[in-house]
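Student: quick one: sequence plus predicted model below, questions after.
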Amino acid sequence: MKSPRIGVFGAGHFGRFHTLKLKGATSARLAGLHDADPGRAALVAGEAGCPALSAEALLAACDAVVIATPTLFHAGLARAALNAGKHVFVEKPITATLAEADALIELAASKRLVLMVGQIERHSAAIQTLRESLGSRRLVSLEATRVAPFRPRSLDVSVVLDLMIHDLDLILSLVPSPLAEVRAVGGSVMTQLPDWVVAQLRFEDGTQAQVTASRVAVGLERKLRLLGPEGEMRVDFLARSLDFLAPGGETPVEHMPGWGLTRRSWVDHDSLEAEHAAFFAAIVEGRPHEANGIQGRAALDAALRVEAALAR
């Protein structure tokens, strides 16, 4: 399969982004899209120059699907696609429950199909620069902040599943130890669900993390601070800056013999395009084991533990 045909389920905020990006893809073809709202489906399909189809017709017309619907519908649509022999890309969170996620992972594995979860940050230039700079250094403490002014979208889930899940996914990938304990505080402001949350995570190896997320903030802020025996790293994602204080750093630091400050930046690339490319490659090269939903399941587990901590 050299150029898979991709169908999109969902024509909302993210579904439209996926559809328009797929319109210009060079290694895949946009087969069409489906949305429960026929008017919205026709509008986005017109923008992308593709047909708006019924769910059944879309499955018949494609080799793989992108699911960008409200979370409540992820499990049912993904299950139908996998049972029809289609590869699946599903926006985060993978499903609403762990049981649903486990069932999809098992089904995809049994059919040797790709099941990729849309954690777009994994494909960003910022995270690539962070990983290259961090190397194998051990971390003891992590602090992540992701806040933004209120926007009326993704309100079917809490801020934990809307925003915080990105940083939870990142932290889980940086700390090689199981999550042991979660504490959290938060509150509702504009919705019936938590709109701001501060979570404290403790891992079995003693590493700790604090994660702050808000969709009712004064302004945009996206920062990460990492501390360990070999120094401190601070990342400002909006300013595209990474500062690393450590032994042997490039610029000597007064009163700290042998230590120095290293500064890095990056040029942003199209993270959604990179994410799509990874999905296409997993399909074409037959690598379902590399996109099997397990990382998305781990992020969902952490997010649900944060939500459970809020209820205590």
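Tutor: Nice, thanks for sending it over. Because the structure is a prediction, the values reported are computed rather than measured. Numbering: from 1, shown residues only.
Student: so what's the residue nearest to the spatial centre of the chain up against?
Tutor: Taking Cα atoms, centre = their mean, the centroid of the chain lies closest to residue 119, which sits 2.0 Å from it. Shown in contact with residue 119 (Cβ atoms under 8 Å, 6 or more residues apart in numbering): 92, 165-166, 169, 295-296, 299. Glycine gets a C-beta too; all of them are placed from N, C-alpha and C.
Student: need the pLDDT of it.
Tutor: For residue 119, the pLDDT comes out at 90.
Student: how close does it sit to residue 36?
Tutor: Taking Cβ to Cβ, to the nearest Å as the measure, residue 119 falls 25 Å from residue 36.
Student: and residue 177, by the same measure?
Tutor: Residue 177 sits 42 Å away from residue 36, going by Cβ to Cβ.
Student: do residue 125 as well
Tutor: 35 Å.
Student: wait, residue 277 sits on residue 27?
Tutor: Yes - using Cβ atoms under 8 Å, residue 277 is in contact with residue 27, at 6.9 Å.
Student: who's more crowded, these two?
Tutor: residue 277 (16 against 13; other Cβ atoms under 10 Å).
Student: quick one: secondary structure of residue 210?
Tutor: With DSSP: H, G, I helix; E, B strand; the rest coil as the basis, residue 210 sits in strand.
Student: look at it and say how many residues are nearby.
Tutor: By the criterion of other Cβ under 10 Å, residue 210 has 16 neighbours.
Student: show me what contacts it?
Tutor: The contact partners of residue 210, taken as Cβ under 8 Å, 6+ apart, are 142-144, 198-201.
Student: out of those residues, which comes closest to residue 31?
Tutor: residue 144 (37.4 Å; Cβ to Cβ).
Student: that closest one belongs to a helix?
Tutor: No - assessed with three-state DSSP, residue 144 is strand; it does not lie in a helix.
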